[in-house]
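Asker: Provided below are the primary sequence and the corresponding predicted coordinates.
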Amino acid sequence: MTIHTDTRPTLNLIRLAHGQGLDLPAYETKGAAGMDLRAAVEEGATLAIAPGKRALVPTGFILEIPEGFEAQIRPRSGLAFKHGITCLNTPGTIDSDYRGEVKVLLINLGDEPFDITRGMRIAQMVIAPVTQARVVEIAQVSETARGAGGFGSTGV
Ligand SMILES: O=c1ccn([C@H]2C[C@H](O)[C@@H](COP(=O)(O)OP(=O)(O)OP(=O)(O)O)O2)c(=O)[nH]1
Ligand SMILES: [Mg+2]
């Protein structure tokens, strides 16, 4: 009998043909919040993102996220700081019922073209709990000290 001591939620994954041989998403350190994701571009090929342009980068895998969770695709600060590479739709939302390939939408906000090659760690993925709310239409909302003030209403 196998005794499982790992109480973390299980993230089932299948690797697509173009994902074979790549490292699986992984936490780089013990306390990392996100698993780094690798680019599943063709071996030997370069996906160049020109300044101001965007690219949808394949990861080579499909997930089964447990119900009640989502995956958030977030940029890596190193790529953002050094090269101006970030996720356009950050944080990207991977729904628990999505069964397509996970893809990363990168944009180059830097001044130089940026080359993506196979296996490059392009983004990170955070697994987070999700609460779904029920929507109830009402006639009036309750009064609060803030009221409708926002967008800097409390000063700088
Ligand atoms: O960075 C991302 C964002 C989304 N997705 C996939 C998984 C997600 O479950 C699905 C839909 O994403 P989202 O709801 O953000 O996009 P949408 O424009 O609302 O598309 P849809 O109408 O398919 O929901 O696309 C990715 O692979 N990468
Ligand atoms: Mg949607």
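Answerer: Looks like it came in fine. This structure is a prediction, so every number in the text was calculated from the model and none was measured. Ligands and ions are numbered 1, 2, ... in the order given.
Asker: how about stretch 79-96: buried residues?
Answerer: Judged by neighbour count (16 or more other C-beta atoms under 10 Å), stretch 79-96 contains these buried residues: 79, 83, 84, 85, 86, 87, 91, 92, 94. For glycine as for every other residue, the C-beta is placed from the backbone atoms N, C-alpha and C.
Asker: Report the entries of the residues you listed that also contact ligand 1.
Answerer: 92, 94 (C-beta under 6 Å from any ligand atom).
Asker: Please report how far residue 143 lies from residue 153.
Answerer: 16 Å (C-beta to C-beta, to the nearest Å).
Asker: Serialize the buried residues of stretch 79-96 to CSV and add fields for pLDDT and secondary structure.
Answerer: Below are these laid out as CSV (pLDDT from 0 to 100; DSSP: H, G, I helix; E, B strand; the rest coil):
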residue, pLDDT, secondary structure
79, 98, helix
83, 98, helix
84, 98, coil
85, 98, strand
86, 98, strand
87, 98, strand
91, 97, coil
92, 98, strand
94, 98, strand
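Asker: Same list (the buried residues of stretch 79-96) but as JSON lines, adding distance to residue 73.
Answerer: Converted to JSON lines, the buried residues of stretch 79-96 look like this (distance: C-beta to C-beta, whole Å):
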{"residue": "79", "distance to residue 73": "13"}
{"residue": "83", "distance to residue 73": "18"}
{"residue": "84", "distance to residue 73": "18"}
{"residue": "85", "distance to residue 73": "13"}
{"residue": "86", "distance to residue 73": "11"}
{"residue": "87", "distance to residue 73": "6"}
{"residue": "91", "distance to residue 73": "6"}
{"residue": "92", "distance to residue 73": "3"}
{"residue": "94", "distance to residue 73": "7"}
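Asker: and which of the buried residues of stretch 79-96 is nearest ligand 1?
Answerer: residue 92 (2.4 Å; C-beta to the nearest ligand atom).
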